[in-house]
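Student: sequence and predicted model, in that order:
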Amino acid sequence: MRLRTCEHGRVKVILRNPRRELEISGPRTVINLLASLDLNREAHLVMRDGELIPGDAALGEDDVIEVRPVISGGQS
Amino acid sequence: MKCVTCRGPAVIDIRRQNANYCVEHFLEQCRRQVAKAIEQWDMIGPTDRVLVAVSGGKDSLAIWDLLVDLGYRVDGLYVGLGIGDYSDTSAVHATQFAAARGLELITIDLPTTYGYDIPTGARAARRAPCSACGLSKRHLFDTAALEGGYDVLVTGHNLDDEAAVLFGNTLHWHTEYLGRQLPVLPARDGFPKKVKPLVRLTERETAAYCLLRGIDYLVDECPMAAGNRHLSYKEALNDIEVRSPGAKHSFYFGFLDRASSLFTPEADEDRTELRACALCGSPTTADTCAFCRLVERAGGHRPEPVPVHLGSTRRGSTT
């Protein structure tokens, strides 16, 4: 599902577990995005339009961002 | 960021290595780490028949893909746990992965075969859901590996899993568990050989591997696992990791190099009490194994007896 970008340079961010959406102001980097959401860099991956992007990638107003948690599992 | 190998555009930064990678060289790095683990601990021989425990999540699908890519003969085993939509969806991911690659996937459905699902079984047996789930899966994985004649049982435990278990065992000084927390457990006493080839990769790396390989894994978390201690240990370790990259690796591999052997006698002592379960024949320290007791309390069907060979440390009879 492709989501439209918000107006006024704000970028739509999709979060998982539980799935929810929010808007952030741009531009900013991936590292800055995670910090502003109080999310641990070691526990998340960030994708733009389904493609993995590194910590220094600049997020612009045309981007659709998914922040995917990677921590999983019960103890077995 | 540029790839540490080719200086092309990087897609992922691995802070514990102080390195960034492009797609090609990140995938190569993952293969190299798994191959290194297999070689370092003599996990899998070139002609071994391998069974991998598959959940439909990132780790099990990543290791299945990596092992096939490295040339091993690997079948999958999926256990349906009866956890509502979560189990239904996880089965789809596991089945589609296998079908798309022409791989063999063995499926065991817990409610159909044993008469209980994890939510109701755990409640009936008064166990935590993760405890009932882990117990059920361990029994079924071990049994399937032995009955199927597989040389090795592979699980998708990664560095985060092992560091979190080590953290919990150390926090509570479960010394008998510390002696057994190794990347390889040899076949003995009615247990198959068990190996963890992902111990050199974090779960951020296994998730990235799946994304970059186009592996469609189940992203949703198990609803029964929310808030469990294992997850809180992972969060605590990642809080340390972000301030001190490499801390998880140093904690776990430092333990393996310098401390694990100190606890081996306690683990061995714990195993001298093993005998055959009176109901199913699996190794146990009691008259009936924990799985059979769980099935009984959960009101399910007893498992079929399985032929297992107990080693010289057993007490009691296998018949």
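Tutor: Yep, it's here.
Student: got the residues of the stretch 151-300 of chain B near chain A?
Tutor: For the stretch 151-300 of chain B, the residues in contact with chain A (CB under 8 Å from any CB of the partner chain) are B:160-161, B:164-165, B:168, B:202-204, B:206-208, B:211-212, B:219-222, B:224-225, B:228-231, B:234-235, B:238-239, B:241-242. C-betas here are computed from N, CA, C, even on glycine.
Student: in PyMOL, how would I select just the buried ones from those?
Tutor: To isolate the buried subset of those in PyMOL, counting by 16 or more other CB atoms under 10 Å in any protein chain shown, use the following:
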select buried, chain B and resi 160+161+164+165+168+202+203+204+206+207+208+211+212+219+221+222+224+225+228+229+230+231+234+238+241
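Student: just the ones of the residues of the stretch 151-300 of chain B next to chain A in helices?
Tutor: B:160-161, B:164-165, B:168, B:203-204, B:206-208, B:211-212, B:229-231, B:234-235, B:238-239, B:241-242 (DSSP state H).
Student: which secondary structure element is home to the residue lying closest to residue B:106 once chain neighbours are set aside?
Tutor: Spatial nearest neighbour of residue B:106, excluding adjacent residues (CB to CB, 6 or more residues apart in numbering or on different chains): residue B:77 at 4.7 Å. Assessed by DSSP states H and E, residue B:77 sits inside strand B:73-80.
Student: check the gap between residue B:214 and residue B:27 for me.
Tutor: Here residue B:214 is placed at a distance of 11 Å from residue B:27 (CB to CB, to the nearest Å).
Student: quick one: which of these two has more around it?
Tutor: Under the criterion of other CB atoms under 10 Å in any protein chain shown, the comparison of residue B:214 against residue B:27 puts residue B:27 first, with 17 against 8.
Student: helix, strand, or coil at residue B:108?
Tutor: Three states are possible here, and by DSSP: H, G, I helix; E, B strand; the rest coil the one that applies to residue B:108 is strand.
Student: what are the bridge partners for it, then?
Tutor: residue B:79 (DSSP bridges).
Student: now do the contacts for it.
Tutor: Remark: with contacts taken as CB atoms under 8 Å, 6 or more residues apart in numbering or on different chains, residue B:108 is in contact with B:77, B:78, B:79, B:80, B:140, B:144.
Student: quick one, helices of the chain?
Tutor: Defaulting to chain A. Taking DSSP H as the test, the helices found in chain A are A:30-36.
Student: my question was about chain B, not that one.
Tutor: Listed in chain order (using DSSP H), the helices of chain B are B:23-40, B:58-69, B:84-101, B:110-114, B:118-125, B:129-147, B:159-171, B:175-178, B:203-213, B:229-243, B:247-258, B:264-271, B:290-297.
Student: wait, which of the ones you listed is closest to residue A:20?
Tutor: With distances scored as CB to CB, the stretch of those nearest to residue A:20 is helix B:84-101 (18.2 Å).
Student: can you pull the buried residues of the closest one?
Tutor: Within helix B:84-101, the residues that qualify as buried are B:86, B:87, B:90, B:91, B:93, B:94, B:95, B:97, B:98, counting by 16+ other CB under 10 Å.
Student: would you confirm that the second one contacts residue B:93?
Tutor: No. Because the distance of 10.9 Å does not satisfy CB atoms under 8 Å, residue B:87 is recorded as not touching residue B:93.
Student: and the pLDDT for residue 7?
Tutor: Since no chain was named, I'll use chain A. With respect to pLDDT, residue A:7 scores 46.
Student: switch to chain B, that's the one I care about
Tutor: We note a pLDDT of 97 for residue B:7 in this prediction.
Student: count the neighbours of residue 36 for me.
Tutor: No chain in the question, so chain A it is. 12.
Student: other chain: chain B
Tutor: Applying other CB under 10 Å, I find that residue B:36 has 12 neighbouring residues.
Student: correct me, but it touches residue B:200?
Tutor: Yes. Residue B:36 lies in contact with residue B:200 (CB under 8 Å); the separation is 6.3 Å.
Student: hmm, residue B:165 is touching residue B:234, no?
Tutor: No. With contacts defined as CB under 8 Å, residue B:165 does not count as touching residue B:234, sitting 9.9 Å away.
Student: give me the buried positions along stretch B:179-195.
Tutor: B:179-185, B:187-195.
Student: how about it as CSV, C-alpha atoms only?
Tutor: Below are the C-alpha coordinates for stretch B:179-195, written out as CSV (Å, rounded to 0.1, in the frame of the first residue of the first chain):
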residue,chain,number,x,y,z
GLY,B,179,26.9,-24.8,31.2
ARG,B,180,24.6,-25.8,28.4
GLN,B,181,24.3,-22.5,26.6
LEU,B,182,26.5,-23.3,23.7
PRO,B,183,26.2,-22.8,19.9
VAL,B,184,26.4,-26.6,19.5
LEU,B,185,24.9,-29.4,21.6
PRO,B,186,26.1,-32.8,20.5
ALA,B,187,23.7,-35.7,20.0
ARG,B,188,23.4,-37.6,23.2
ASP,B,189,21.0,-39.2,25.6
GLY,B,190,18.2,-39.3,23.1
PHE,B,191,18.6,-35.8,21.9
PRO,B,192,19.6,-34.8,18.4
LYS,B,193,22.6,-32.7,17.6
LYS,B,194,21.4,-29.0,17.9
VAL,B,195,23.2,-26.1,16.3
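Student: I appreciate the help and will end here.
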